[in-house]
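Novice: give me a model of this one.
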Amino acid sequence: MKEQHYKYLAITFFLIIIWILVGLFSSYDNQNSIFSTWSLYFYLGGSMMLGIALTIIVLALRLIFFKKEKFKNNLFYVFCGFLNMIICIIWFVTLLMKMISIDYKLTELGIPSFCLAIIILTDLYFPKSQ
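Specialist: This next block holds a predicted model:
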């Protein structure tokens with residue numbers, strides 16, 4: 001089970017890195033040699049909305065249909081947890097670098113995304129005692 005979990009982690013990180021690189025390269029403005037802030041903003045916002053939607057679906061499946069430990073060893077479950085966590089880290093770094101303001105609507109997406117990531121990662125790595 002551990003080997004399969006590590007395999008899912010590797011696939012998850014590979015997919016997230018590809019997603020981040022696509023976002024960075026698609027927002028690169030070749031004429032000015034800078035990144036388009038608005039393009040990054042919409043890419044990050046869309047990624048947050050996608051991550052939240054997928055995570056809500058996965059958590060609903062976990063709570064309704066799969067109450068056993070079997071669903072925790074699932075690529076999609078691991079992917080949703082780490083996707084939300086990495087997107088929240090990127091959101092927080094863009095806030096610290098003042099690329100975006102806290103007044104933007106991403107704050108309304110960043111906090112729930114962080115909470116959902118904590119719920120999934122806690123479920124994955126801190127199992128309840130029997």
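Novice: let me see the ranges of the helices in this protein.
Specialist: Ranges of helices in the chain, per DSSP state H, are 2-26, 37-64, 75-96, 106-125.
Novice: just say which of these is most tucked in.
Specialist: Per residue and on average, the most neighbours among the helices of the chain fall to helix 75-96, with a mean of 19 (mean count of other C-beta atoms under 10 Å). Heads up, the C-betas are built off the backbone N, CA and C, glycines and all.
Novice: hmm, back to that, want to throw the helices of the chain into TSV with mean pLDDT?
Specialist: Below are these laid out as TSV (pLDDT from 0 to 100):
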stretch	mean pLDDT
helix 2-26	84
helix 37-64	85
helix 75-96	88
helix 106-125	88
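Novice: list the contacts of stretch 113-127.
Specialist: Outside stretch 113-127, the residues within contact range by C-beta atoms under 8 Å, 6 or more residues apart in numbering are 48, 51-52, 55-56, 58-59, 62, 69, 72, 77-78, 80-82, 84-85, 87-88, 91.
Novice: what do you get if the cut-off is 7 Å, keeping everything else the same?
Specialist: The contact list for stretch 113-127 (C-beta atoms under 7 Å, 6 or more residues apart in numbering) reads 48, 51-52, 55, 59, 72, 77-78, 80-81, 84-85, 87-88.
Novice: determine which two of the residues you listed are furthest apart.
Specialist: Across the contacts of stretch 113-127, the longest distance by C-beta to C-beta is 23.7 Å; it joins Met48 and Lys72.
Novice: roughly how far out does stretch 47-55 sit from the chain middle?
Specialist: Offset of stretch 47-55 from its chain centre (C-alpha atoms, centre = their mean, to the nearest Å): 7 Å.
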